[in-house]
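# What shape does this take:
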Amino acid sequence: MIKSKFLKIFIYVIIFILVFVICLLINWKWIFAKAGFYPDRSHGVSVSFIDVGKADAIFITCDDYNILIDSGEDYKADHVSSYLKRYNTKKIDLLIATHPDNDHIGGMSSIINNFDVESCWQSQINENVISQTTAYKNMLRSLETKNINTEYKKAGDTYNLGDLIFTVLSPDKNYEDTNNASLIIRLDYFDTSFLFTGDAEDDAEQDLINNYKDSLQADVLKVAHHGSNNGSSYEFLQLVSPKYAVISVGENTANLPSKACIERLESNNIEILRTDLQGTVTINAQKYGKIKVHTEK
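Numbers count the residues shown, from 1 in each chain. Below you'll find the predicted structure:
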């Protein structure tokens, strides 16, 4: 009787150990991706517009490379970090601060302190234009403390990271406000292109039109300034002619996105994706042009 009892306990322990080991070995992210809960990041380039309210945080992965464009407000830093850690992210090859407004760089210090950041890009902006916020000072302090290579970019700069090609389209002059001084970046991956516009407004957008005209076309547009009416003009949208437009915005925030912006996007037959309605939006582009969209709401 006693031997039988111990045998049962031994069998239960073995079963528990086996189940535990199997759980450790299973690729849960792959299973969740196949089930539709997570985006499948195993092939091509994946660009996630993380749901951080009326703010920007864009996570890009391709092969073993990780890129983060902006970081949301400081109170969203843990949320952004958790999203990156979901994919076992330990290093960030390129960290981009499009411009020094809190809703774009508020969480930068936390990101820099908690991940191995290889390099950081910032926009070349006159210091007298920048608001010396606590978030901005903390970002600079963290970059200096960790001795991270920081480059100030302008129009014409290019950078290759594996199969990814980054081209800075703006700024090409000194603007009098940080929004227009946003880094505007084009990302090309084989036949697919993304256009990231920061908070660029009418002035910077018109300069893009004047400088690039027919070379602005992109498959995916990150709508500038959370869908504000001070951008995304009809002429600009016609030149970019994206299939998808992603708006990073919070619920009932300052009447964004604007009705006029939405109407212009719709009149150009552009599919609109919004983080306030659909949660984190991930667009995966594969080598030969196939594009898949995953939303978390």
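
# For Asn229, which non-adjacent residue is closest in space?
Once flanking residues are discounted, Asn229 sits nearest to Ser258: 4.0 Å by C-beta to C-beta, 6 or more residues apart in numbering. Backbone N, C-alpha and C define where each C-beta goes, glycine included.

# actually Asp103, sorry about that
Residue nearest to Asp103 in three dimensions, not counting chain neighbours: Ala55, with 3.8 Å by C-beta to C-beta, 6+ apart.

# before we move on, which element is the one you found in?
According to DSSP states H and E, Ala55 maps onto no helix or strand at all.

# Can you give me the neighbour number for the residue nearest to Asn229?
18 (other C-beta atoms under 10 Å).

# which stretches of the stretch 101-250 of the chain form strands?
116-117, 119-123, 149-153, 158-161, 164-170, 184-189, 192-196, 220-222, 244-247 (DSSP state E, counting those that start in this stretch).

# List just the one of those that sits closest to Thr282.
Using C-beta to C-beta as the measure, strand 244-247 is the one of the strands of the stretch 101-250 of the chain that comes nearest Thr282, at 9.9 Å.

# Counting by contacts, list what that closest one packs against.
Contact analysis of strand 244-247 by 3 or more C-beta pairs under 8 Å, 6 or more residues apart in numbering; DSSP states H and E lists strand 220-222, strand 271-274, helix 275-278, strand 281-285 as its packing neighbours.

# can those go into JSON lines with extra columns for mean pLDDT?
Output for the helices and strands packed on strand 244-247, formatted as JSON lines (pLDDT from 0 to 100):
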{"stretch": "strand 220-222", "mean pLDDT": "98"}
{"stretch": "strand 271-274", "mean pLDDT": "98"}
{"stretch": "helix 275-278", "mean pLDDT": "96"}
{"stretch": "strand 281-285", "mean pLDDT": "97"}
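
# what would these look like in TSV with mean neighbour count?
Shown next, in TSV, are the helices and strands packed on strand 244-247 (neighbours: other C-beta atoms under 10 Å):
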stretch	mean neighbour count
strand 220-222	25
strand 271-274	18
helix 275-278	20
strand 281-285	24
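
# out of those, which comes closest to Asp74?
Asp74 lies closest, by C-beta to C-beta, to one member of the helices and strands packed on strand 244-247: helix 275-278, at 18.3 Å.

# so how far is the closest one from its chain's centroid?
Mean-position distance between helix 275-278 and its chain equals 15 Å (C-alpha atoms, centre = their mean, to the nearest Å).
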